[in-house]
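A.B. asks: Sequence first, predicted coordinates after that:
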Amino acid sequence: MALARRYADLVTDTKLRKTVSDRIESEWQRTARALTQITGHKERLATNPALRRSIEHRFPYIDPLHHVQVELLRRYREGRSDERVKLGIQIAINGIAAALRNTG
């Protein structure tokens, strides 16, 4: 949820940001509880360790891309929308999508 908060911080309307962020976090927690209840496992992918490892190994590569993307989006919204910023946003989006593959 920490990354979600960084993206949410891009929303300048404080009330809207809080309303939407709170709703997303609440749904995330509700979904996590439901998955635990359905699967009987608190740890995600407990029955598929290979997939779990594959996903976990992607985080060190995906997380920095998210941080770069947030910063580039911030610059773009501030009016610094030169071609390098636009290209950087597109590259970050493509990099995150490629890294997520079938997990996103």
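C.D. replies: On my side now, so go ahead. Residues are numbered from 1 along each chain as shown.
A.B. asks: burial count for A92?
C.D. replies: By other CB atoms under 10 Å, 20 other residues sit near A92. Glycine gets a C-beta too; all of them are placed from N, C-alpha and C.
A.B. asks: For I93, give me its contacts.
C.D. replies: Q69 (CB atoms under 8 Å, 6 or more residues apart in numbering).
A.B. asks: how far is the helix or strand harbouring it from where the chain is centred?
C.D. replies: Using DSSP states H and E, I93 falls within helix 83-100. Per CA atoms, centre = their mean, to the nearest Å, the displacement of helix 83-100 from the mean C-alpha position of its chain is 14 Å.
A.B. asks: which parts of it are buried?
C.D. replies: By 16 or more other CB atoms under 10 Å, the buried positions in helix 83-100 come out as V85, G88, I89, A92, G95, I96, A99.
A.B. asks: and which of those residues is nearest to W28?
C.D. replies: Nearest to W28 among these, counting by CB to CB, is I96 at 18.5 Å.
A.B. asks: Would you agree that closest one is in contact with Q69?
C.D. replies: Yes: using CB atoms under 8 Å, I96 is in contact with Q69, at 7.0 Å.
A.B. asks: chain center to the helix ranked longest in the chain, what's the gap?
C.D. replies: Looking across the chain with DSSP state H, the single longest helix is helix 49-77. Centroid separation for helix 49-77 versus its chain: 7 Å, with CA atoms, centre = their mean.
A.B. asks: Quick check: buried residues in that helix?
C.D. replies: 55, 58, 62, 65-66, 68-73, 75-76.
A.B. asks: May I have the secondary structure class of G79?
C.D. replies: Counting by DSSP: H, G, I helix; E, B strand; the rest coil, the backbone at G79 sits in coil.
A.B. asks: Need phi/psi at it.
C.D. replies: Phi and psi for G79, reported as degrees, to the nearest 10, are phi 100, psi 0.
A.B. asks: residues near it, how many?
C.D. replies: So G79, with other CB under 10 Å, has 7 neighbours.
A.B. asks: Quick check: it vs V85, distance?
C.D. replies: According to CB to CB, to the nearest Å, G79 stands 10 Å off from V85.
A.B. asks: And for R17?
C.D. replies: Taken as CB to CB, the span from R17 to V85 is 22 Å.
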